[in-house]
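Enquirer: take a look and give me a structure for this.
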Amino acid sequence: MAGNEFYNLKPISWVNRLMRALKKSLIYGNLTNQNYTPQATVGGSVKFNQIGEVDTGDYTAYSDMTFQTLDDAGLTMKIDQQKYFAFQLDETDAAFIPPDVIAEGIDRGSYNIRDGIDSFISGKYADAGVTYGSAASPKATSSGTVVQHLAEFGEAMDEANIPRTNRWIVVPPWVFTKLTIAGVANKTPNADVFRDGYLGGVVGFSRMYMSNNVGMENTTTSTFLASSGNEAIGYAGAISGAIRILPTGARRATNIDGLWVYGAKVIRPDMLACMYSTETAN
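Expert: Below is the predicted model of the structure:
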């Protein structure tokens, strides 16, 4: 049977390829807390362990201190999102296609799954604890105001005690255009770095990323998410079982499919900021 060579491939190698491809391609996903990913299972949940506020008091010599009982402020995130890819190779085509066609199919499938994950995470903007502008009153951003708006957004984050260290922001492509017209993007030390959406550091943000998956309000207002480090949003994902490479029942063909399950949740709203902005004429 011409397609038998496909059935004997070890599924674990394709699982590892899918996981590597997803990790490499994610933009929003790579800005999240993924420490609990090993716990992700279909229909399950992940608990992010956190404690409540720790009180302080004035110390008096020779007086007893008051010891506080810490509250459990942990959050539970459901693994309730599921995306799959599935494609078929007919035996009559198998003789004319490259031997790495399965790898290419998995790479393309993982790219589309990545888009779904990033869109899902970007949609968490409504849970941000710090905002600049609003859905009802977004900032009208042009090349003449883009630097001011980003600087004021950073100021709002400063006032909310979001650290400047390792601060990042994700913007849509039109913001980079505004920055270029304003003469900012071409002056940054990393202006020539364009890998996985990374644009370098701009206007007080250590890392600026560009994505077509930036959330939208009312089809015209973009929502720029920003934070410091990877603690604001929790994400966990896992492949559900092995990638299947099986013969079809009614055709002389091979089916290849994979299922990815995942979940995302804002676990530190005080560390997540959102800027609401509408593109205006240059």
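
Enquirer: host element of the nearest residue to V101 once chain neighbours are set aside?
Expert: Nearest non-adjacent residue to V101, counting by C-beta to C-beta, 6 or more residues apart in numbering: L89, 6.8 Å away. In this view, the C-beta of every residue, glycine as well, is placed from N, C-alpha and C. If you go by DSSP states H and E, L89 is part of strand 81-90.

Enquirer: for that strand, packing partners?
Expert: Helices and strands touching strand 81-90, by 3 or more C-beta pairs under 8 Å, 6 or more residues apart in numbering; DSSP states H and E, are helix 101-122, strand 253-266.

Enquirer: now the angle from the longest one to strand 253-266?
Expert: Think helix 101-122. Per axes from the mean of the first three to the mean of the last three C-alpha atoms, to 10 degrees, the angle that helix 101-122 makes with strand 253-266 is 20 degrees.

Enquirer: what mean pLDDT does helix 101-122 have?
Expert: The average of the pLDDT scores along helix 101-122 is 85.

Enquirer: between strand 81-90 and that helix, find me the angle.
Expert: Using the same axes, to 10 degrees: helix 101-122 against strand 81-90 is 160 degrees.

Enquirer: name the next helix or strand downstream of helix 101-122, please.
Expert: strand 130-132.

Enquirer: what strands line up against that next one, and which way round?
Expert: strand 273-279 (parallel) (DSSP bridges).

Enquirer: so what strands line up beside the strand holding L89?
Expert: Here strand 81-90 is paired, per DSSP bridges, with strand 253-266 (antiparallel).

Enquirer: what comes up buried for the partner strand?
Expert: 253-256, 258-266 (16 or more other C-beta atoms under 10 Å).

Enquirer: mind putting the residues you listed in JSON lines, distance to E159 and pLDDT included?
Expert: What follows is those, written out as JSON lines (distance: C-beta to C-beta, whole Å; pLDDT from 0 to 100):
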{"residue": "A253", "distance to E159": "60", "pLDDT": "78"}
{"residue": "T254", "distance to E159": "58", "pLDDT": "78"}
{"residue": "N255", "distance to E159": "55", "pLDDT": "84"}
{"residue": "I256", "distance to E159": "52", "pLDDT": "81"}
{"residue": "G258", "distance to E159": "45", "pLDDT": "83"}
{"residue": "L259", "distance to E159": "44", "pLDDT": "86"}
{"residue": "W260", "distance to E159": "39", "pLDDT": "85"}
{"residue": "V261", "distance to E159": "38", "pLDDT": "88"}
{"residue": "Y262", "distance to E159": "33", "pLDDT": "90"}
{"residue": "G263", "distance to E159": "31", "pLDDT": "91"}
{"residue": "A264", "distance to E159": "27", "pLDDT": "92"}
{"residue": "K265", "distance to E159": "25", "pLDDT": "92"}
{"residue": "V266", "distance to E159": "19", "pLDDT": "94"}
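
Enquirer: and of these, the nearest to N218?
Expert: V266 (21.3 Å; C-beta to C-beta).

Enquirer: now that closest one: how far from D107?
Expert: 30 Å (C-beta to C-beta, to the nearest Å).

Enquirer: with K265 instead?
Expert: Distance from K265 to D107, by C-beta to C-beta: 28 Å.

Enquirer: same check, this time on A136
Expert: In terms of C-beta to C-beta, A136 sits 42 Å off from D107.

Enquirer: can I assume T165 sits in a strand?
Expert: No: secondary structure of T165 (DSSP: H, G, I helix; E, B strand; the rest coil): coil, not part of a strand.
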